[in-house]
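> what follows is a predicted protein model with its sequence.
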Amino acid sequence: MVLYPKILRQYDQSVNTILQFCPDFFCCGSPVVAASSSAKAYIWLPTGSDSLTSDDEGPTTGSTLRLMRRDPVELEIFKHLYHSIAEEMGAALRRTAFSPNIKERRDYSCAVFDGAGEVIAMGDHMPVHLGSMPMSVRAAIDAGAMEPGDMVMLNDPFRGGTHLPDITLVAPVFVKAHGGVARVRTNSKVRRRGRPRSMDPEFYVASRAHHADVGGTYAGSMGLCREIYQEGLRIPPVKLMRRDAMDADVLAMLLNNVRTPEEREGDLGAQIAACHTGAERLREVCARYGIKRARRAAGDLQDYSEELMRAFLQRVPGGEYRAEDFLDGDGISERAVKIAVEVRVERHNEKQRQVDRAARGRGRPRPMVTVDFTGSDAQVAGSVNAVAAITYSACFYVFRCLLAEDVPAAAGLMRPIRVIAPAGTVVNARPPAAVAGGNVETSQRIVDVVLRALALAIPDRIPAAASGTMNNLTVGGIDPRTGEPFAYYETIAGGMGARPGKAGVSGVHTHMTNSLNTPAEALEYAYPLRVRRYLLRAGSGGEGKFRGGDGIIREIEVLTDCEVTLLADRRTRGPWGLSGGTGGAPGKTFITRHDGSIDRMPAKFSTGLRKGERITIETPGGGGWGRAQRLGGGRNDGNRSRDSLSGGSSTPAARPQAYGRRRHDAASR
């Protein structure tokens, strides 16, 4: 695939014809010619042709002449400007944070939004945060008017959040107010959301960070709860700052309901600094290029990202692709929890493409792909329920990964894609469901099942399953060095699934988590804990033509009496392989007691540890890809039955029983 435009030739030197390149170029590889003047540019797209040849002399009968009002060079500049702002916000947050979870593991995300609350740029941070953050911004906007200097705080999973430890701050960016332009304040002509038209912000910025404790029954706020009220403090959209001043009452309400108030206040301060950084950089951009130009570029980025996604989806074979996968259990019972999906890709022909273009021109775009989770299990008693924002975020992540790296991560990417998540299911839970694990575990399984379905359509683009769990470990107690409570949270990496043409990476965070490990030195300095072992889990990756990455072994000794909680998965069903590759090894967890006895633990549990006892976590390896020429003995032979989707069947007799209609079906493949 060609990733950069190439000038082919000029057709007419006399009219100052300028050759440009099609916004669809990254995906379709189709060079085009644009005749440009100072006012507008025309792009010639030959109908039914994927490329221009030396015989193409210009627009002919059957060609499409599209009006393009965007400068591709300027668009690229603004794309990087907005992305760099989100990245700088993240750097400011990381450098000023108090907790190792944020400054070491980088469990945070930042993004930039236009005046309508649509995302225009994301930092290279946590996918599970970024895809769902627009819902939090929308909830903050809908909650009421925001003045310059205001900042809204929320973590409610049922109002755009993910789970309670993820606290989001949303700040409006008023460029004109800071430029000396008078703002009209009247009580008349108030818009639907209670804000005068002249008071609308030009942009919004948002920062989200995982706080190591937000109260609740368990230290770390990630326990085996049955309802959200047990998981911690639930914050609706409220103003943490008003006109650049902290609301002391709101802050006091939060800090009096957590175990580590000083750390929480420090991390909130870091999020505030991140939002201030983003707002200042946006004002600098507007001062240099003008507000209208900056806002127009933001809108163009939305359209551009949509066009790139549509160009890619046109190359995906039409059809219905189905898959299912399972969580080991919900932490309350060991019954497997099913997540099912059907990905419907519209079949494409030239007539339908013309209809789609006309629909886009009228502002009524038609979805090209529907991701339907009908058939997934109902929401469960435990905390692995995912809210709708998580399911949307996982789908955003999957389809974003299918495009080139330099495609803008803007809201327009999802315009051609519709997500159906039935209310009351494990992928769209309703209050008062517990949701702490839905953000971290169910999100990973949603990614797995969508990728597995797409592997039936584009097998040369989809990797085998990665470890499929974040291995969420929380430890809490009283630090004997200070006499104060502490709460520690980390996720532990695993093996990446092998890819078509490449082996999987060992010991890496994959998919919805993009965090790092907590260095042993930082962990032992900050908490009464000691890392006894930290190494790759040799041989845990699945075999195949390309081998899956290995998982990790991490053993931690507690130096004081503690409460330990683990939310993990892939303990009974290892990550699946693809195209004949074997599955990765399932994970394991052990507790080593004072008397030397070793207890094997389930995927999800909470228990007390006495001083000197240890927890050992062995994370899953990634699945293999492709059938190996020769499989050796040992564990590889035992994995031959794990060469397809977990929970599926590859026996001919099972195929007609699974699904009655003729469809592309991962479970019967």
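Thanks, I have the structure now.

> what's around the closest residue to residue 200 other than its chain neighbours, how many residues?
By the measure of C-beta to C-beta, 6 or more residues apart in numbering, the closest residue to residue 200 outside its immediate chain neighbours is residue 115, 5.8 Å from it. Where you see a C-beta, it was placed from the backbone N, CA and C, and this is true even at glycine. By the measure other C-beta atoms under 10 Å, the count of residues near residue 115 is 17.

> and residue 477, by the same measure?
For residue 477, the neighbour count with other C-beta under 10 Å is 24.

> same question for residue 207.
Other residues lying near residue 207 total 33 when counted by other C-beta under 10 Å.

> so it belongs to a strand, correct?
Yes - the assignment for residue 207 is a strand, going by DSSP: H, G, I helix; E, B strand; the rest coil.

> got a list of what residue 169 touches?
Taking C-beta atoms under 8 Å, 6 or more residues apart in numbering as the criterion, residue 169 is in contact with 151, 152, 153, 206, 207, 208, 240, 268, 271, 272, 274, 275.

> quick check: which element contains the last one?
Going back to what we said before, that points to residue 275. Taking DSSP states H and E as the definition, one finds residue 275 inside helix 261-289.

> angle of whichever helix or strand comes after that helix against helix 261-289?
Helices and strands here follow DSSP H and E; after helix 261-289, the next one along the chain is helix 291-313. Going by axes from the mean of the first three to the mean of the last three C-alpha atoms, to 10 degrees, helix 291-313 is angled at 100 degrees with respect to helix 261-289.

> list the buried residues for helix 291-313?
For helix 291-313, burial by neighbour count (16 or more other C-beta atoms under 10 Å) applies to 291, 294-313.

> what stretches of the stretch 251-400 of the chain score poorly on pLDDT?
The stretch 251-400 of the chain contains residues with pLDDT under 70 at 349-365.

> where does the chain have its least confident helix or strand?
In the chain, no helix or strand scores lower on mean pLDDT, DSSP states H and E than helix 655-658, which sits at a mean of 26.

> coming back round to it: tell me how far the residue nearest to residue 200 lies from residue 565.
When distance is defined by C-beta to C-beta, to the nearest Å, residue 115 is 42 Å away from residue 565.

> can you give me the domain assignment for this protein?
Taking automatic domain parsing as the reference, the chain has its domains at 13-68, 74-182+195-302, 463-638.

> one step back: was I right about the residue nearest to residue 200 contacting residue 176?
No - Residue 115 lies out of contact with residue 176 (C-beta atoms under 8 Å); the separation is 11.5 Å.

> what sits against the residue nearest to residue 200?
Listed by C-beta under 8 Å, 6+ apart, the contact partners of residue 115 are 200, 201, 202, 203, 204, 295.

> I'd assumed residue 120 was in contact with the third one.
Pointing back at residue 202 there. No - shown here, residue 202 and residue 120 do not form a contact pair, counting by C-beta under 8 Å, at 11.7 Å.

> more neighbours: the two, which one.
Neighbour tally, residue 202 and residue 120, criterion other C-beta under 10 Å: the higher count belongs to residue 120, 29 against 20.

> so which helix or strand takes in that one?
Assignment of secondary structure by DSSP H and E places residue 120 within strand 119-122.

> so what strands line up beside that strand?
Using DSSP bridges, strand 119-122 pairs in its sheet with strand 108-114 (antiparallel).

> neighbouring contacts of the strand it pairs with?
Taking C-beta under 8 Å, 6+ apart as the criterion, the residues outside strand 108-114 that touch it are 82, 85-87, 89-90, 93-94, 97, 102, 119-123, 125-126, 129-130, 133-134, 137, 203-210, 271, 274, 278, 282, 295, 298-299, 302.

> let's see it at 7 Å
The contact list for strand 108-114 (C-beta atoms under 7 Å, 6 or more residues apart in numbering) reads 82, 85-86, 89-90, 93-94, 102, 119-123, 125-126, 129-130, 133, 137, 203-209, 274, 278, 295, 298.

> just want the most central residue of this protein.
Within the chain, one residue has its C-alpha closest to the average C-alpha position: by C-alpha atoms, centre = their mean, that is residue 127, at 2.3 Å.

> quick one: the spatially closest residue to residue 417 that is not a sequence neighbour and residue 119, what's the gap?
Setting aside the residues directly before and after it, residue 417 is nearest to residue 369 in space (C-beta to C-beta, 6+ apart), at 4.8 Å. Residue 369 is 19 Å from residue 119, where distance means C-beta to C-beta.

> then residue 512?
Following C-beta to C-beta, the distance that separates residue 512 from residue 119 is 17 Å.

> more crowded one of those two?
Set side by side, residue 512 and residue 119 give different neighbour counts by other C-beta under 10 Å, the larger being at residue 119 (30 against 26).

> quick one, what contacts the residue nearest to the centre of the chain?
Residue 127 is in contact with 393, 397, 511, 512, 514, counting by C-beta under 7 Å, 6+ apart.

> ok, 6 Å please
Contacts of residue 127 were listed using C-beta atoms under 6 Å, 6 or more residues apart in numbering, and they are 397, 512.

> hang on, the earlier thing: residues touching the residue nearest to residue 417, list them.
Neighbours of residue 369 in contact, by C-beta under 6 Å, 6+ apart: 313, 345, 417.

> change it to 10 Å
309-310, 313, 316, 318, 343-346, 395, 399, 414, 416-419, 454, 457 (C-beta atoms under 10 Å, 6 or more residues apart in numbering).

> again with residue 440
For residue 440, the set of contacting residues under the criterion of C-beta under 10 Å, 6+ apart consists of 128, 162-163, 165-166, 210, 222, 383-384, 386, 390, 469-472, 491, 512-513, 567-569.

> how about a cut-off of 6 Å?
Contacts were defined as C-beta under 6 Å, 6+ apart; by that measure residue 440 touches 470, 472.

> how close does it sit to residue 446?
Residue 440 sits at a distance of 12 Å from residue 446 (criterion: C-beta to C-beta).

> tell me the buried residues within the contacts of strand 108-114.
With burial judged by 16+ other C-beta under 10 Å, the buried subset of the contacts of strand 108-114 is 82, 85-86, 89-90, 93-94, 102, 119-123, 125-126, 129-130, 133, 137, 203-209, 274, 278, 295, 298.

> ok, and the closest non-adjacent residue to residue 279?
Closest residue to residue 279 apart from its sequence neighbours, by C-beta to C-beta, 6+ apart: residue 173 at 4.6 Å.

> that neighbour: how many residues sit nearby?
Around residue 173 there are 23 other residues, counting by other C-beta under 10 Å.

> so what's it bridging to?
The residues paired with residue 173 through beta bridges, assigned by DSSP bridges, are residue 203.

> that one against residue 281, yeah?
No - with contacts counted by C-beta atoms under 6 Å, residue 173 stays clear of residue 281, the gap being 9.5 Å.

> mind jotting down where the helices sit in the stretch 451-600 of the chain?
520-526 (DSSP state H, counting those that start in this stretch).
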